[in-house]
Structures are given as C-alpha cells and as structure tokens.
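Asks: Below is the structure, and that's it, no one-letter string:
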C-alpha cells in the first residue's frame, strides 16, 4: 500500500516519516496469520531511508535578475559580432596550425578587451597531422571520380595510390559478421546512413564506422576504408572527422565520400550482383591519400574570469572549443560555441543583483583531434581547483537554438533548474531531465563530480555542414544564435547567484528491494 502525504519543510518530513512508520506497523499486523501473531516479535529495526535534502531555490530578487538577463540578452547581438570577428580575422583553427595559434592570440586579446580578469593560457600538447591530398575513383565496372576527403589521422597510401576491389557493409557489426577472409586484400566501404535527429543522437550511432572502422577492417586484412560521410547533407561535399587507430591492429588509410557519391557507389555494387547488369564483376576502386603525421606541437586553453561577490572563490564554467577542422572556417563547429560562451558570461556578470560566483570562460584546445585541452584543464588546476567548480556547461553544437534544458546536478538543485526553465520557457525551450552528460570537453570534470548544466542546442540541420567546407558564416542564423546566448546567459546567472554550498554530483543509488513472499490464499 502506497501512502502519499503532503510534506512541507523538515517538520513535515519528520511527521510523514512517523506516519509511514506507524502505517507500516499496522500493515504488518493486518498481514499476519494467526500463527505469526503468536510468535515473538522481531527486535531487528529497519533503518529509515535518509530524508532528501531540502530543495534549493532562487530568491524572488534572483529570479527578477534572471528575467532581466533574458530581456537584455534578447536585445544583444554581441555573440554574432564575436563570431564574425573570429571567423573573419582567424578562420580555420586546426590543432597545431598557424590558424590554431592565431585563434589563441585572438581569444586572449578579446577576453582582455572585454574586461575579463585572470586571462591566461594553459599549455596543451596537441598532435600535428597534415591532410595532404585525397582522391577516390571507381575503376570498374563504370569509371567515375568521387568527392572525397581524408579522415583525420589517416595514414597515406603509396604515391601511386591503392587499387583494390571493395566490399560493402552497413556498419561494423555487418563487417564482423562476414565470412572469414572476405575483407582480406579489399577496401571496405561502410555505407551506413546517418539519421537526422534534433538531439544529435543519429551522429552517435553512425560515427563508430569512422572512429573504429579502419582498425577493425585492418585487423580483418583490409587494405583501406572508405565511408559514407557521417553527416546529413545531400550536397556533394565530404565530411571529415577523426579516427582512432588501435595499436594492436594494422593502420590502413581511410577516406570519406559525399552522400551522393556514396549513393552512386552503392548502385554500382548492386549492378555487380547476380541480377545486375554487371553481374560477376567486382567494383574496383583506387584511393590515394598523401596525409602524414608530424611531431606534436604546443597549443593552449584560453581562460578568463568575471569575478563574483561573496562566493567569488566558486566557479561557474562556460566552455566551448577554440579549435576547428581545416576544411571550413570553423564557424558552427565551434566558433558559435566560443561566441555563446563569451557573450553569455558577460550578460550574466553584468546583471543586478550581481552574481555571487565567478563566471569563467574556458576555450578548450584540440577538441576535434583528441580532447587534449579537456584532459589538460583539471590536471592544470589541481584537485583544489576542481573542487571550486560549482557548475559547468558547454556550447558545442552550432548556433542552436536551444530546444531543451537538461542538467546533471545534485537532487536539491533540480528545483533551481525548473525555475530557470520557467524563465526561458517562452523561448520555446522544453524541460529535459537530470541525466545529461554535457559537452565532450566537460567529460573529465563530470567524471570528477562537477555538476553539469546542459542547454541542448538543436542539431536538426547542424550535421548538414559539420566538418565540411560549408562550415561558413553564411550558415549561421543570427536569431538562433541570440536565443542560444540568452538561454546560456540566464542559466549561468541563476547558478552563479543561487545559495550553496554545492555538493559534488553523485549517481542516484537504486533503492534496495526486499523480497516479498507470495500472498496467502
């Protein structure tokens, strides 16, 4: 029997616990059989579960401040101006390149010019990979050239290229299910299509072919890999991205081709099947890649603070990653996140009443090619520095807009998130749940228990241009960028002013279950 009682405050909790205990004893008495009623009562006390901590809520004054942040942010175009500056004055910022260095210099100067304090860099060692040139051609049955790009981290082919028949599979599971020896001496074609989704989950399902496929194919004797671009574009552009070689597998070259070219290659494979016009023939291709690795080089995280008041030693982190791929201008990925982080921090810090906690912007190095900056940050600040981080959030999914507000915060702070949602609900933002992982650069902090805030950016069209030559400023919707900046600013302000102390986030423990005897009949 479940009893629901209205509970308000600590006295209410105590009263409810007493009532539940009393009801539990009564229920036990009613359930006893005559034999059980004559038995000696048990002296083992069942400990009551600990009472949940009281909810932490924003004061009326703080809520009024959050509304003020919203109204001010909706009138500001600073995030667009920052994005325009970064991508016009710097452009691509691929790890280890001159563009990467220029991006760090731009970030340091910009934060200082905008009034941030404690502006500094953290040295980060990053890989240096040269893309070189890539080509992919069908030699038979119907010769064609295809739009291609090397996968980040790929090794090169021999100078003359690599000729081999292809074997087409949908994904890694299908490759591993092939009869032994099927892939040996061939180029594996991963033909799985990415699903267009609002939350970006389609990318997570498709990307394994790019990151792990080359090593798995190499371990099965393949000599190369070509993948259908992990992206949703119908244009004839190829999407790059990184791979991860397994040290125990042979390294083989890998390229991606555009979605229309992958459709064409798929049709040629169909023609070689028994019922096709080119039955009995193999689809033979040539791939050529001149990519190579160079020694590692130095880059940097860029950090700037906007100090709080009485809780200035506690930090609310807003992050984005400063690096980008080398194919486009690094606008949506992740220039937009850099601009959102800087502009949102300034909007939150300028509100009244003033935020109590320090709002920190961290622009991470080399997210694209190994999360180097994300791993370096907690090491550089040490255990005490990590302990001072009350909350963290990251923008890394384009210009948005934000469509859902989720988090991963201690239970007592979820009511604060609900209050934030009520402030931004009019901007067509849904309330999510308390299980978000946040952005990739927040992974090391999240694993150390730092509470995570997650205004989720709409990814419906993001993967049309993700990691492509089309990642340019004309793809940005200023209204989307303004709305995203507003939600990040309101969220940052709320958690920078709310009461503390903020405990570390711990995964909820499942309630213990007690086996029950079947009911007597």
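Replies: Perfect, thanks for sending it. It should be emphasised that the depicted structure is a prediction, and the values quoted were computed from it without experimental measurement.
Asks: Remind me what the host helix or strand of residue 174 packs against, helices and strands.
Replies: Secondary structure assigned from DSSP states H and E places residue 174 in helix 172-176. In terms of contacts (3 or more CB pairs under 8 Å, 6 or more residues apart in numbering; DSSP states H and E), helix 172-176 is packed against strand 187-190, helix 213-219. (C-beta placed from N, C-alpha, C; glycine too.)
Asks: Highest average neighbour count across these: which stretch is it?
Replies: Using mean count of other CB atoms under 10 Å, the stretch among those with the greatest mean number of neighbours is strand 187-190 (a mean of 27).
Asks: in the helix holding residue 174, what counts as buried?
Replies: By neighbour count, and taking 16 or more other CB atoms under 10 Å as the criterion, the buried residues in helix 172-176 are 172, 175.
Asks: Show me the strands in the stretch 1-150 of the chain, by range?
Replies: With DSSP state E, counting those that start in this stretch as the definition, the stretch 1-150 of the chain shows strands at residue ranges 117-130, 134-140, 144-146, 148-150.
Asks: Could I get the helices and strands packed on helix 172-176 in a markdown table, plus columns for distance to residue 427 and mean pLDDT?
Replies: Below are the helices and strands packed on helix 172-176 laid out as a markdown table (distance: least, CB to CB, whole Å; pLDDT from 0 to 100):
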| stretch | distance to residue 427 | mean pLDDT |
| --- | --- | --- |
| strand 187-190 | 39 | 98 |
| helix 213-219 | 39 | 98 |
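Asks: could the ones you listed be laid out in TSV, adding distance to residue 127?
Replies: As requested, the helices and strands packed on helix 172-176 are arranged in TSV below (distance: least, CB to CB, whole Å):
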stretch	distance to residue 127
strand 187-190	24
helix 213-219	16
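Asks: so where's this protein shaky on pLDDT?
Replies: By pLDDT under 70, the weakly predicted segments of the chain are 1-44, 508-521.
Asks: in the stretch 401-521 of the chain, which spans are helices?
Replies: Read by DSSP state H, counting those that start in this stretch, the stretch 401-521 of the chain holds these helices, from start to end of the chain: 414-424, 443-447, 478-497.
Asks: just the ones you listed: most buried one?
Replies: Greatest average neighbour count among the helices of the stretch 401-521 of the chain goes to helix 478-497 (a mean of 27), per mean count of other CB under 10 Å.
Asks: could you give the angle of it to helix 414-424?
Replies: 150 degrees (axes from the mean of the first three to the mean of the last three CA atoms, to 10 degrees).
Asks: if we can go back for a sec, and of the helices of the stretch 401-521 of the chain, who's closest to residue 388?
Replies: Distances from residue 388 to each of the helices of the stretch 401-521 of the chain were compared by CB to CB, and the smallest falls on helix 443-447, at 11.5 Å.
Asks: counting contacts, what elements does the closest one pack onto?
Replies: Helix 443-447 sits against helix 372-387, strand 389-394, with contacts defined as 3+ CB pairs under 8 Å, 6+ apart.
Asks: Off-centre distance for stretch 167-186?
Replies: Between the mean C-alpha location of stretch 167-186 and the chain-wide mean there is a distance of 30 Å, by CA atoms, centre = their mean, to the nearest Å.
Asks: picking up where we left off before, would you list the helices of the stretch 401-521 of the chain in CSV and tack on distance to residue 471?
Replies: Putting the helices of the stretch 401-521 of the chain into CSV (distance: least, CB to CB, whole Å) gives the following:
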stretch, distance to residue 471
helix 414-424, 27
helix 443-447, 23
helix 478-497, 14
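Asks: So residue 267: helix, strand or coil?
Replies: Under DSSP: H, G, I helix; E, B strand; the rest coil, residue 267 falls in the helix class.
Asks: Quick one, which of the strands of the stretch 1-150 of the chain gets closest to residue 193.
Replies: With CB to CB, the closest approach to residue 193 among the strands of the stretch 1-150 of the chain belongs to strand 144-146: 16.6 Å.
Asks: quick one on the thing from earlier: now the strands of the stretch 1-150 of the chain as JSON lines including mean neighbour count and distance to residue 353?
Replies: Rendered in JSON lines, the data for the strands of the stretch 1-150 of the chain read as follows (neighbours: other CB atoms under 10 Å; distance: least, CB to CB, whole Å):
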{"stretch": "strand 117-130", "mean neighbour count": "17", "distance to residue 353": "20"}
{"stretch": "strand 134-140", "mean neighbour count": "19", "distance to residue 353": "56"}
{"stretch": "strand 144-146", "mean neighbour count": "15", "distance to residue 353": "59"}
{"stretch": "strand 148-150", "mean neighbour count": "26", "distance to residue 353": "51"}
